[in-house]
Each structure stands twice: as structure tokens, then as C-alpha cells.
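*Asks:* Sharing a model prediction with you, sequence too.
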Amino acid sequence: MALRVAARQGETRLSAGLTERLNFANQLRGIAALLVAVSHLIGVFWAMRSFVALATFSPVQPGPLPAAYWLISYRWFEFGPFGVALFFLISGLVVPFSLQHHTRWTFLLARLLRIYPTFILATLLEMLLLYGASCYWRIPFTYDARSIIAECLLISNLTGYPVIGFVSWTLAIEVKFYILIMLARPAIQQGRLSVLFAIAIAITILNFIISRFAGHGGGAPALLLNSFGMESPSILFMLIGVLFHFYHARLCGWRAFGASVIAMTILFVICWRLGPLKDEYPVVVANYLYAIFLFGALYATRRYIPDNRLIGFMASISFPFYLIHAVFGFTIMKFLMLSAGFGYYSALSCAVLIIFAVSLLLHKTIEQRSIELGRRLAGQGPD
């Protein structure tokens, strides 16, 4: 018994030592959230005016494109996909550390607690804001209780209801990644590259097969298959982050790590190119590849990256900020510009300040508590 306790304490100290060196990944969360926000609040707001109007129950935004739009509109670099790709790599690197502090089921429960309480509250706040916008602009509110429940459970794509949030699709992918990690727990803990690649190859083959039948049939099976086809490249991309975890946790050498990252990246590109998302190839895929290069460079120089209090603060509220920035930003900017006569940059500044305030409130009131509850399930293991 004493030996088991000592071994457990040794594993905890090792894990703490390893994760302390990954502060760059925590800071990168904040930067990734800002990149996605720039994509939405500058790019999407102007480039997809009709879509934004429909999604926020407001009139179409008139006016010329601001100078800021042209600064971020380079076709081969898109802030949104780049930021999302960084989030996926961070999850792949960090999430497996929690396995050694949990059983399969407490691991999954702790990860779900990390997402759902904050996401559900943020979604309900967004619904209140959108309902207020629909009343103000006298545009019918089209979301019923079933569609809102499906959104809160992250199953809209499985049920045929519209995906309400601009970023909730990434959370649906995260949940499926957690389930995969839970099921493959022994292989992940042992750093078994053969199992990881068997999973990746199976995903690629299934994605190719599914893409051949896209658009055929109907009902729940068709929705499930289409969901898998759309989400599987991103899940495979997250396995690249798991490879970084293997190397960092000393489960494989640098030669095997380097070769595995290249091979997994090739499988990811093939999966995307042959699957239902092939229309987004190669531009979106290029941004995912940029993310791998940046992530690798930051990982290699992680010991030389200092803490930054401002970036650290952004990282601490990055999850609620990521959740609400689009709906809150679009809705507030529309009101200020169309009703209050604000210019774009003034409206954007006000919207960002409000988003930061609401994000901090969500972080303090619900996110921190749900994280703490997840830690208690593991006996104070890391998040």
C-alpha cells in the first residue's frame, strides 16, 4: 500500500514538473482566442453581412469596408482557422496529462465539466441577447426550445437543428476527442504510436468512404455519418498534439516524434482532401499547417518564453471570451452603428470591452468552480 502511494506521489511530481514547462501553451490559448475574434469581428462581420444579419436578427450592415478589413483579408492566411488549429494542438498536448489522475469515467466527467457549465450559461446569455435584438429590430426569433437544448448539449449537427453559436462546432469536436482519449487510455498513457496511427488510418479510410455517400439517404444515420465526415479531420489533427504529448512525457524519442508528426500531418491532409471538406482545400488546410510550424517552434523554445501578465490574463478568460465574442460582438456593434450612430472602430472598441467584462464574470462565477469540481474528482489533479 505504501509503495503504491509513493508511486502515485512520484507520478504526480513528474506530471507537475512536465506541465510546468508548458506555460507557453496556456498563454497561446489567449492568443488563439484573440485571433478567432479578429477573424469574426473584423473579417466575418464585413465579408458575410447577410449571414451576420440573419444570425443576429438584425438588418444588413451597410457601408464601405474599413481599412482593418483589408489588413486581415489575405487569402492564404486566415486568422480564424489558424486560431482554431492552435486550440486543437493545445488540447492534444495538454489533455492526456489528466489521464493518470483519473479513471476513464472521472476523466470524461472532469473534461465535460470543463466545457458544459460555462458553455450552457454563455449560450443562454447569447439567447437572451439575440431575443432582445429580434424584439428591437422586429425580426422574428426563429430558435425554439428544442434547437436551444440541442445547442446546449452540442448535438445540433446530430439532430438536424441549426448550429446557433459561431464556435460551438469546435466544442462538439473537443467532446468527441475526449471520448476517443478515454477509450484509448492505456495506449495514450503508454505512448503506443502503433495504436495512435491505427486510429488515424481508420479515421482517414472511414472519412473517405463516408464522403462517397455524402448527400445520400436521410434521417439520423445520414446526420451521424455527415457529422463524422465533417469533424474527423479535426480530430485527426488533434492527434498531432498528442504526439507532442508523447515526446514531452518522454514516451518516445525525437526521431520517432519527428517522423510521426510528418506522417500524421500527411494523413490529416489526405483526410481533409478526400473527405466532405475537400472544397476548403488547400486554403484552410494551409492555415492548419502554419499552426503546426508555430506550435513546434514555440514548443522548441518554451524554456525561453517569459510569462506575460497581460497574455496570462487573456488566457485565463480565453474560454468564455471565445464562446461569446461573436454573438455579443456582432449584436452590440450592430446596435451601436445602426441605432446610436457610432463609427465602426468606436463600436468595435465598446463591444470588445463588454465582451471582456462578461467573459471575466463567466470565468469567476462558473468556469473556475467547474474546473475545481473536476479537480476534486481526481484528488486535485491538474486541469
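*Replies:* In hand now; what should we look at? Just so it is clear, the structure is predicted and the values come from calculations on it, not from any experiment. Numbering: from 1, shown residues only.

*Asks:* Help me confirm that residue 239 comes into contact with residue 202.
*Replies:* No. With contact defined as C-beta atoms under 8 Å, residue 239 does not reach residue 202; the gap is 11.6 Å. For the C-beta atoms, the positions are set from N, CA and C on the backbone; glycine is no exception.

*Asks:* quick one: which of those two has more around it?
*Replies:* residue 239 (24 against 11; other C-beta atoms under 10 Å).

*Asks:* Tell me how far that one lies from residue 334.
*Replies:* Applying C-beta to C-beta, to the nearest Å, the value for residue 239 to residue 334 is 39 Å.

*Asks:* pLDDT below threshold where in this protein?
*Replies:* By pLDDT under 70, the weakly predicted segments of the chain are 1-20, 213-221, 379-383.

*Asks:* swap the cut-off to 80 and go again
*Replies:* The chain contains residues with pLDDT under 80 at 1-21, 211-225, 378-383.

*Asks:* Let me see the ranges of the strands in it.
*Replies:* Using DSSP state E, the chain contains no strands.

*Asks:* Quick check: longest helix in it by residues?
*Replies:* helix 104-137 (DSSP state H).

*Asks:* Count the residues that sit near residue 340.
*Replies:* Residue 340 has 10 nearby residues by other C-beta under 10 Å.

*Asks:* Hmm, I typed the wrong one, I wanted residue 349.
*Replies:* Neighbour tally, residue 349, other C-beta under 10 Å: 14.

*Asks:* go on, residue 21?
*Replies:* 12.

*Asks:* these two touch, right, it and residue 303?
*Replies:* Yes. At 6.9 Å, residue 21 counts as touching residue 303 under the criterion of C-beta under 8 Å.

*Asks:* residue contacts, residue 135?
*Replies:* residue 141 (C-beta atoms under 8 Å, 6 or more residues apart in numbering).

*Asks:* how long is stretch 147-159 end to end?
*Replies:* The straight-line separation of the ends of stretch 147-159 (C-alpha to C-alpha, to the nearest Å) is 9 Å.

*Asks:* what's residue 282 sitting at in phi/psi?
*Replies:* phi -100, psi 0 (degrees, to the nearest 10).

*Asks:* So it versus residue 338, what's the distance?
*Replies:* Taking C-beta to C-beta, one finds residue 282 at 38 Å from residue 338.

*Asks:* The two: who's more crowded?
*Replies:* Counted by other C-beta under 10 Å, residue 282 and residue 338 do not tie: residue 338 has more neighbours, with 17 against 13.

*Asks:* Report how many residues lie close to the closest residue to residue 189 other than its chain neighbours.
*Replies:* Of all residues not flanking residue 189 in the chain, residue 99 sits nearest, at 5.6 Å (C-beta to C-beta, 6 or more residues apart in numbering). By the criterion of other C-beta under 10 Å, residue 99 has 21 neighbours.

*Asks:* got a list of what residue 99 touches?
*Replies:* Contacts of residue 99 by C-beta under 8 Å, 6+ apart are 107, 181, 185, 188, 189.

*Asks:* got the buried residues for the longest helix of the chain?
*Replies:* Across helix 104-137, burial judged by 16 or more other C-beta atoms under 10 Å covers 106-123, 125-127, 129-130, 133-134, 137.

*Asks:* Mark which of the contacts of residue 99 are buried, thanks.
*Replies:* 107, 181, 185, 188.

*Asks:* Of these, which is the nearest to residue 248?
*Replies:* Taking C-beta to C-beta as the measure, residue 248 lies nearest residue 188 of the buried ones among the contacts of residue 99, at 13.0 Å.
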